[in-house]
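Need a 3D model of the following:
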Amino acid sequence: MQRRDFLKKIALTSAVLTSSSFFSCSKNNNLDSDRPPNILLMYADDLGYGDISCYESEKVETPNIDKIAQNGIQFTRAHSTAATCTPSRYSLLTGEYPWRREDARIASGEAPLIIEPEKTTLPDILNKANYKSGIVGKWHLGLGEGDLNWNKKIKPGPPEVGFNYSYIIPATGDRVPCVYVKDHHVVGLEKDDTLKVSYQEKVGDEPTGLNHPELLKMEADTQHSGTIINGISRIGYMDGAESARWDDEERALKLKNKACSFIERNKNNPFFLYYSFHNIHVPRTPNEKFVGKTDLGPRGDAIAELDWCVGEVIKKLEELDLTENTIVIFTSDNGPVLNDGYEDQSRENFDKNKISGPWKSGKYSSYEGGTTIPFLMKWPRKIKPNQKNDALISQVDLMTSFAELLDIQVENDEALDSEDILSTLLGKNNTGREYLVEQALGGHLALRTNQWKYIPPGQGPKYVRNLKTGRSSKPQLFNITEDMNEKNNVADKYPEVLSELKNKLDKIKSKEN
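Numbering: from 1, shown residues only. Reported below is the predicted structural model:
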């Protein structure tokens, strides 16, 4: 499929001119009432509904995150599209459910780019309205076209899917390579310091967690016992790049600085910043400033570090007089998990039944704790403060909703599953969605409506990381309005509802890509 044919180009050019004229963008006045809003999307990793104090966390105080709620809207029934990170990120940027692409599963550190460069993305939509789009932080959507040479130009990647600037962690902190990539190149990599990466076999002479556990500062399971970098063993193997390796304890602060620098550089233009935290994904390695900040070990301290970073970036907006006309969204990629491969006392310090708030289970799961996430949004110019909204919303809807805000046309083959919920996001109603699809580990799907939750029968483990996956040989139906914790399967009691939701899910799945 071609990205644009000639007629579409004419239509989109017209849309851009219309949008630009409508907002009368002024490069010299940050408070121009006709300027389109800046958009700061802050995306936490593995942060649970019950990990934030404004969502009634019993363990950690998050005052900076809470201020977003105080100055805007706190959504109580918001969802990511999946209970794992790569699929959720795919949907966030494409407006499409991840299960429509077979490879939109948890990506390895050497996976090729999952988003096709010709596919229209969220930054593409915003760029049509003359935004400058940047990503800082975790990527985990693959790079290159396969068999990537990390020592040459890394392409395709974020620049090929709409980002004017990118400073990323290629995958996750627990996967090699442990380097940053800026636009198309590994940051700081010297010419004679060749980087080698493999997920199939050991490369180089670096020690591994299996062979040299005495070198570890954090005990890991077998999956996470590959090459040791900074005293932490990872998934996969790497060698070289001594000049380019990150410092785990400095990572959050470094990425915060890059986010602030992007805002500073683009203060005179409408910008979109996708600030994608590594916190609180494993390995949890908070900076020394935050070690002991809580009495909850690395996981609690990583949440405190996350909250501080949020506060610092919002301070940057204030310093530049950008607060009034900047949309700030804070949310997470999926539900929470405690021990996810490393022993960091999280199971001893946190109650697994409370990190998801009132919802059942967490990361990896078909139950509500897998995809029900914190979602806070403020825009002082347009959104009234101190609101709570119980609308059913999904992150997949941001693409179409922002297109509506900016009067940008979305074509029929773009943002396939994204709905316009702009009025709900602005606090004008609590209508939200009629239904949404949730994806668990392994691609197992479930259907959620305002009242009901349907989980089809599925094969697979009953538990992952001590969390219930929701897999059962029988269909499951829950009345969420009466049974938030999904304790009572009422499939036998309401066969007509079960049949209706099954047919609905089958119909959604059959929708052509």
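
Assign a three-state SS to Thr424, would you?
helix (DSSP: H, G, I helix; E, B strand; the rest coil).

Am I right that it is in contact with Thr431?
Yes: between Thr424 and Thr431 there is a contact at 5.7 Å, judged by C-beta atoms under 8 Å. From N, CA and C alone the C-beta is placed, and that goes for glycine too.

which residues do those two both contact?
Overlap of the contact sets of Thr424 and Thr431 (by C-beta atoms under 8 Å, 6 or more residues apart in numbering) consists of Ala391.

These two: who's more crowded?
Thr424 (22 against 14; other C-beta atoms under 10 Å).

Show the contacting residues for the more buried one.
Per C-beta under 8 Å, 6+ apart, neighbours of Thr424: Asn389, Ala391, Ile393, Asn430, Thr431, Gly432.

Tell me the one of the residues you listed nearest Pro461?
Ile393 (29.9 Å; C-beta to C-beta).

picking that back up, from the contacts of Thr424, which ones fall inside strands?
Applying DSSP state E to the contacts of Thr424, the entries found in strands are Asn389, Ile393.

what's the closest of the contacts of Thr424 to Ile263?
Ile393 (26.0 Å).

Quick check: phi and psi at the residue minimising distance to the centre of the chain.
For the chain, the residue sitting closest to the mean C-alpha position, by C-alpha atoms, centre = their mean, is Asp333 at 3.6 Å. Backbone torsions for Asp333, taken as degrees, to the nearest 10, come to phi -80, psi -20.

wait, doesn't it sit right on Asp45?
Yes: using C-beta under 8 Å as the test, Asp333 is close enough to Asp45 to be in contact (5.7 Å).

how about the helices in the chain?
Taking DSSP state H as the criterion, the chain carries its helices at 6-23, 63-70, 85-94, 122-127, 251-265, 297-319, 346-349, 398-405, 422-425, 495-510.

Just the buried positions in the fifth one, please.
In terms of neighbour count (16 or more other C-beta atoms under 10 Å), helix 251-265 has its buried residues at Arg251, Ala252, Leu253, Lys254, Leu255, Lys256, Asn257, Lys258, Ala259, Cys260, Phe262, Ile263.

Make JSON lines out of those and add pLDDT and distance to Pro63.
Output for the buried residues of helix 251-265, formatted as JSON lines (pLDDT from 0 to 100; distance: C-beta to C-beta, whole Å):
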{"residue": "Arg251", "pLDDT": "98", "distance to Pro63": "23"}
{"residue": "Ala252", "pLDDT": "98", "distance to Pro63": "17"}
{"residue": "Leu253", "pLDDT": "98", "distance to Pro63": "19"}
{"residue": "Lys254", "pLDDT": "98", "distance to Pro63": "23"}
{"residue": "Leu255", "pLDDT": "98", "distance to Pro63": "21"}
{"residue": "Lys256", "pLDDT": "98", "distance to Pro63": "17"}
{"residue": "Asn257", "pLDDT": "98", "distance to Pro63": "21"}
{"residue": "Lys258", "pLDDT": "98", "distance to Pro63": "23"}
{"residue": "Ala259", "pLDDT": "98", "distance to Pro63": "19"}
{"residue": "Cys260", "pLDDT": "98", "distance to Pro63": "19"}
{"residue": "Phe262", "pLDDT": "98", "distance to Pro63": "24"}
{"residue": "Ile263", "pLDDT": "98", "distance to Pro63": "21"}
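
what sits against the residue lying closest to Leu477 once chain neighbours are set aside?
Closest residue to Leu477 apart from its sequence neighbours, by C-beta to C-beta, 6 or more residues apart in numbering: Ala491 at 4.1 Å. Contact partners of Ala491, counting by C-beta under 8 Å, 6+ apart, are Lys474, Pro475, Gln476, Leu477, Leu498.

repeat for Phe75
Phe375, Leu376, Met377, Lys388, Asn389, Asp390, Ala391, Ile393.

Low-confidence stretches in the chain?
1-33, 512-513 (pLDDT under 70).

let's go with 90 and repeat that
Under the criterion pLDDT under 90, the flagged ranges of the chain are 1-35, 56-59, 102-104, 510-513.

can you list the domains in it?
Taking automatic domain parsing as the criterion, the chain consists of the domains 6-182+246-425, 436-510.

So which of those domains is the most surrounded?
Mean neighbours per residue, mean count of other C-beta atoms under 10 Å, is largest over these for domain 6-182+246-425, with a mean of 21.

Go through the helices of the chain and name the closest to Val337.
helix 346-349 (8.5 Å).

then the closest one to PDB, C-alphas only?
Extracted in PDB, the C-alpha atoms of helix 346-349 (Å, rounded to 0.1, in the frame of the first residue of the first chain):
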ATOM      1  CA  SER A 346       9.300  -6.300  45.900                       C
ATOM      2  CA  ARG A 347       7.300  -9.300  47.000                       C
ATOM      3  CA  GLU A 348       8.200  -8.700  50.600                       C
ATOM      4  CA  ASN A 349       7.500  -5.000  50.500                       C
END
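
Glu438 contacts Thr81, doesn't it?
Yes: assessed by C-beta under 8 Å, Glu438 is found in contact with Thr81 at 7.1 Å.

any common contacting residues for those two?
In contact with both Glu438 and Thr81: Thr371, using C-beta under 8 Å, 6+ apart.

Contacts only, for the residue nearest to Lys509 when sequence neighbours are not counted.
Setting aside the residues directly before and after it, Lys509 is nearest to Leu445 in space (C-beta to C-beta, 6+ apart), at 7.2 Å. Leu445 makes contacts with Trp99, Val437, Glu438, Gln439, Pro456, Leu505, Lys509, as judged by C-beta under 8 Å, 6+ apart.

looking at the sheet around the third one, what are its partners?
Note on Glu438: beta-bridge partners by DSSP bridges are Ala446.

which residues touch it?
His79, Thr81, Ala82, Ala83, Ser366, Gly370, Thr371, Leu445, Ala446, Leu447, Arg448.

swap in the fifth one?
For Pro456, the contacting residues are His444, Leu445, Ala446, Pro475, Lys502, Leu505, taking C-beta under 8 Å, 6+ apart as the criterion.

Please tabulate those in JSON lines, including the columns distance to Leu322.
Below are the contacts of Pro456 laid out as JSON lines (distance: C-beta to C-beta, whole Å):
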{"residue": "His444", "distance to Leu322": "42"}
{"residue": "Leu445", "distance to Leu322": "40"}
{"residue": "Ala446", "distance to Leu322": "39"}
{"residue": "Pro475", "distance to Leu322": "50"}
{"residue": "Lys502", "distance to Leu322": "48"}
{"residue": "Leu505", "distance to Leu322": "42"}
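
Spatially, which two of those are the most separated?
Between any two of the contacts of Pro456 (C-beta to C-beta), the greatest distance is 14.3 Å, for His444 and Lys502.
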